[in-house]
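Asker: One predicted model, sequence on top.
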Amino acid sequence: MRRLTAIGCIALLAATLTSCATSGQQQTEQADANAPASLSFWSTGGDDETAIFQKAADLYKRSHPNVTIKVQTLTWDDAYAKLLAAATSRTGPDIVSGGMTWMIQFGARGAMVDLRSHGLDALKAQAQPAQWDSAISPDGSVYGVPLDMSTFALYYRTDLLEKAGLGGPPKTWEELTDAIAKLRKAGVAKPYSQDWGNLDWIGYFNYLYQAGGGFYTDDCKPSLNTPQAEQALQYWVDLYRKHGAPTATVEGAEALDTGTALVVAGSWIAKGIDTGKPNLKGKWAMATLPAGPAGPTTFIGGRAIGVTAFSKYAKQGADFIKFLYGDEAIRAMVEEGKKRNLPYIPPRPDKIAESTFTPEQSAVFAQSIGSGKAAPGCPGWDESAPDVSKQLQAAILGKADVKTALAESAKIMERNAG
């Protein structure tokens, strides 16, 4: 009986100590999040996008008055180089955002905080699954989480499709090539062009996954030696070489304005067509990309955000990132984006309808994102992508056949995998 009593007392003491420890830990964590701090956030994009994230930072300060976050712009042209330099020297900002897979590369160099230590792996339940997988290291480390989303759409001139007797936009690969032929026969000099991803791996991505292929296997082995990869590249090459898609990139809104009937472009251009090209008002619409043999899979772009390992304020930085997923922060960023007429799609699929786009446009993007895939997060992909694009270009420009271009791309990916 004494033994049982002793055990009970020990258990009670342990429970009491655990309760006190847990309470103390929670208080400490809360104190850490509110501790005085001044953080710098390097945001890849433009100044207007920086203003959107600064709005969220200012809102965060209302509930965390001792924490100041200053958002600075890095342009896409030199952001990766600047962030890599910071990662190498272990000096620079507290919070960074950039390409979806960038944080994986910086994390592998020991330059990023594994956000699992701050509980941010719980954000997975709110993120788009494929985009989350893209941002997460193959070993499960969470060096960054999705910050926003972008995707593709097929923009089209309703008046030119009507001229060619087409009742609507093409919904499959076969319908796309048929529509191009009908448009040309009807006297439309510019039936089709591609903007985002033109002669680039991102452009090929759509066809590759629509054919049922992928750049890598699930265990990160190059996967371009498949019939699906070959079918996809042959179809993409034929759009240029047989069906007249221009190799010179014309910005999507400009292409529509100068008489192109069908344009594959990024989601962001939808915000500015009516204001930037007023003559197009009422003459254009948008749809999801035509589906391939395996389905309509479309590339999901966007940025990832993380906390640097050399920051003195990792707790506050991680807490701010968690805050960005909340309803209040998303609502503030959307309002700021609408005020500036900027494209912004939150990282939560359940909030796509609340983006800065019209309900009709948001519905198209939600459909694409729902079945979409994001960039591979496999080792060496970011280093491989530019050279893979060169091999794909060689096939389009007639300098290499499809099989050779894919074989050379696979060699590049294998070499950079380490």
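Answerer: In hand now; what should we look at?

Asker: in this protein, which helix or strand is least confident?
Answerer: helix 2-34 (a mean of 40; mean pLDDT, DSSP states H and E).

Asker: Could you find the closest non-adjacent residue to Tyr209?
Answerer: Nearest non-adjacent residue to Tyr209, counting by CB to CB, 6 or more residues apart in numbering: Thr297, 4.0 Å away. The C-beta positions use only the backbone N, C-alpha and C, and glycine is treated the same way.

Asker: residues contacting the one you found?
Answerer: Asn206, Tyr209, Gln210, Ser371, Gly372, Lys373 (CB atoms under 8 Å, 6 or more residues apart in numbering).

Asker: in which helix or strand would I find the second one?
Answerer: So that's Tyr209. Element membership of Tyr209 [criterion: DSSP states H and E] is helix 201-210.

Asker: Pull out the buried positions in the helix or strand that that helix is followed by.
Answerer: Sequence order places helix 227-241 as the next helix or strand after helix 201-210, per DSSP H and E. Residues of helix 227-241 classed as buried: Gln228, Ala229, Glu230, Gln231, Ala232, Leu233, Tyr235, Trp236, Val237, Leu239, Tyr240 (neighbour count, 16 or more other CB atoms under 10 Å).

Asker: mind giving me a markdown table with these and columns for pLDDT?
Answerer: Listed next are the buried residues of helix 227-241 as a markdown table, based on pLDDT from 0 to 100:
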| residue | pLDDT |
| --- | --- |
| Gln228 | 98 |
| Ala229 | 98 |
| Glu230 | 98 |
| Gln231 | 98 |
| Ala232 | 98 |
| Leu233 | 98 |
| Tyr235 | 98 |
| Trp236 | 98 |
| Val237 | 98 |
| Leu239 | 98 |
| Tyr240 | 98 |
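
Asker: ok, the closest residue to Phe310 other than its chain neighbours - how many residues close by?
Answerer: Nearest residue to Phe310, sequence neighbours excluded (CB to CB, 6+ apart): Arg90, at 4.4 Å. The number of residues packed near Arg90 is 12, by other CB atoms under 10 Å.

Asker: quick one: pLDDT of Arg90?
Answerer: On pLDDT, Arg90 comes in at 90.

Asker: just the one 5 residues further on next, same as before
Answerer: In this model, Ile95 is scored at 98, pLDDT.

Asker: Next up, the contacts around the closest residue to it other than its chain neighbours.
Answerer: Leaving aside its sequence neighbours, Ile95 sits nearest to Phe41 (CB to CB, 6+ apart; 4.0 Å). Applying CB under 8 Å, 6+ apart, we find Phe41 in contact with Phe53, Ala57, Ile69, Lys70, Val71, Gln72, Pro93, Asp94, Ile95, Val96, Ser97.

Asker: will you turn those into CSV that also has neighbour count?
Answerer: As requested, these are exported to CSV (neighbours: other CB atoms under 10 Å):
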residue, neighbour count
Phe53, 27
Ala57, 21
Ile69, 23
Lys70, 15
Val71, 23
Gln72, 12
Pro93, 23
Asp94, 23
Ile95, 26
Val96, 31
Ser97, 28
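
Asker: Closest one to Gly272 out of those residues, please.
Answerer: Phe53 (20.0 Å; CB to CB).

Asker: Who are the contact partners of Ile341?
Answerer: Wrong residue type there; residue 341 is Asn, not Ile. Lys271, Gly272, Thr275, Thr356.

Asker: separation between the last one and Leu166?
Answerer: This means Thr356. 30 Å (CB to CB, to the nearest Å).

Asker: Same question for Glu335.
Answerer: 38 Å.

Asker: Could you do His64 as well?
Answerer: His64 is 55 Å from Leu166, by CB to CB.

Asker: same question, Ser355
Answerer: Taking CB to CB, one finds Ser355 at 29 Å from Leu166.

Asker: do Val364 as well
Answerer: 18 Å.

Asker: Same check on Ala229?
Answerer: Distance, Ala229 to Leu166, by CB to CB: 30 Å.

Asker: Likewise for Lys277?
Answerer: Applying CB to CB, the value for Lys277 to Leu166 is 22 Å.

Asker: between the two, who's got more neighbours?
Answerer: The neighbour comparison of Lys277 against Leu166 (other CB under 10 Å) goes to Leu166, with 20 against 17.

Asker: tell me the contacts of the more buried one?
Answerer: Ala179, Lys182, Leu183.

Asker: and if you look at Asp238?
Answerer: Thr177.

Asker: where exactly do the strands run in the stretch 301-418 of the chain?
Answerer: 303-307, 373-374 (DSSP state E, counting those that start in this stretch).

Asker: Summarise which helices and strands the helix or strand containing Ala51 is packed against.
Answerer: Using DSSP H and E, Ala51 maps to helix 47-63. On a contact count with 3 or more CB pairs under 8 Å, 6 or more residues apart in numbering; DSSP states H and E, helix 47-63 meets strand 37-44, strand 67-74, helix 314-324, helix 327-339.

Asker: mean confidence score for the longest one?
Answerer: Right, helix 327-339. 97.

Asker: So what's the gap between it and the chain middle?
Answerer: 19 Å (CA atoms, centre = their mean, to the nearest Å).

Asker: Show me what it is in contact with.
Answerer: Everything outside helix 327-339 that qualifies as a contact, by CB under 8 Å, 6+ apart, is 51-53, 55-56, 59-60, 323-324, 342-344, 346, 348, 351, 354-356.
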